[in-house]
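Chemist: The sequence and its predicted three-dimensional model are supplied below.
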Amino acid sequence: MRSYAIGDIHGHRDLLIGAHGHIARDRRAVGDDAAPIIHIGDLVDRGPDSAGVVEHLAAGLERGENWIVLKGNHDRMLALFLDDPAATDPRLRIDFSYLHPNIGGASTLASYGVDVSAGRAPMDIHAEAEALIPESHRRFLRELRPFHRRGEALFVHAGIRPGVPLEDQSEDDLLWIREPFLDSTADHGLLVIHGHTPTEAATNYGNRVNIDSGAAFGGPLSAVVIEGRDVWLLTESGRVPLPPVA
């Protein structure tokens, strides 16, 4: 069973188009136009064109592309801000808000044409965002799913809480967890394909594969193909095996 996956996009529509191109070349090479592409979440924030990313993905789903788009913590933060500018994600640091520079929400709003000049009141920014961000985009963000299971792989934004059955996992963990997931050497039963924690390159740890290669901070956007529990990174020149690291 073959699946494709793309890591944390963070507003880089150009990199997303490139990742889809790598997948299209692999599809042609193996003669498979049916395997789904799973986008691992964090579609928005920090990069220059979050509006373009959301529009590209929403339009693809509308025309029937075999794409699955998962919810990341940044996607949830944007949806919460649009519902209520005073709301904060329960896992966000208490001294942060969606408009804090470390979050990158201002870049997302600016991509929709919102004036995010320093000193503007959050309520004024929110009112303008309500007027400029299409309802179809807000509905798209609200309807994102937190995980997808296919074959021997589980696709999720941040990871899972080790030892907890999938049906009992909390969305907070699925979108935000780092420890104890990252340090766990347990066999989770499924190979967990995730992002959320930037690495220099997509890395296979045996029980999980981290495909967030830091596009938010100038790194590449990783696209991978999974067949059973075997994983390859997709590049301009084709597949590069990603065996488990020692």
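Modeler: Ah, there it is. Numbers count the residues shown, from 1 in each chain.

Chemist: Check the secondary structure at the closest residue to A223 other than its chain neighbours for me.
Modeler: In space, and not counting its chain neighbours, A223 is closest to A19: 4.0 Å by CB to CB, 6 or more residues apart in numbering. Glycine gets a C-beta too; all of them are placed from N, C-alpha and C. Put simply, A19 is helix when judged by DSSP: H, G, I helix; E, B strand; the rest coil.

Chemist: for A19, what are its contacts?
Modeler: Applying CB atoms under 8 Å, 6 or more residues apart in numbering to A19 gives the contacts I6, L221, S222, A223, L234.

Chemist: from those residues, which ones fall inside helices?
Modeler: Counting by DSSP state H, the contacts of A19 place none of their members in helices.

Chemist: Just give me the closest of those residues to R25.
Modeler: L234 (7.7 Å; CB to CB).

Chemist: distance of that closest one from E128?
Modeler: Distance, L234 to E128, by CB to CB, to the nearest Å: 39 Å.

Chemist: So between the two, which is more surrounded?
Modeler: L234 (23 against 17; other CB atoms under 10 Å).

Chemist: For the chain, just list every one of the strands.
Modeler: Secondary structure of the chain (DSSP state E): strands at 2-6, 37-39, 67-69, 147-150, 153-156, 191-194, 203-204, 208-210, 223-227, 230-235, 238-241.

Chemist: who wins for proximity to H137 among these?
Modeler: Comparing the strands of the chain under CB to CB, the one sitting nearest is strand 67-69, at 12.3 Å.

Chemist: Each with direction, which strands does that closest one pair with?
Modeler: Taking DSSP bridges as the criterion, strand 67-69 pairs within the sheet with strand 37-39 (parallel).

Chemist: how many other residues sit next to R142?
Modeler: 14.

Chemist: Look up the closest residue to it, ignoring the ones flanking it.
Modeler: Nearest one to R142, counting by CB to CB, 6+ apart, is A79 at 5.5 Å.

Chemist: Please report how far that neighbour lies from Y98.
Modeler: 10 Å.
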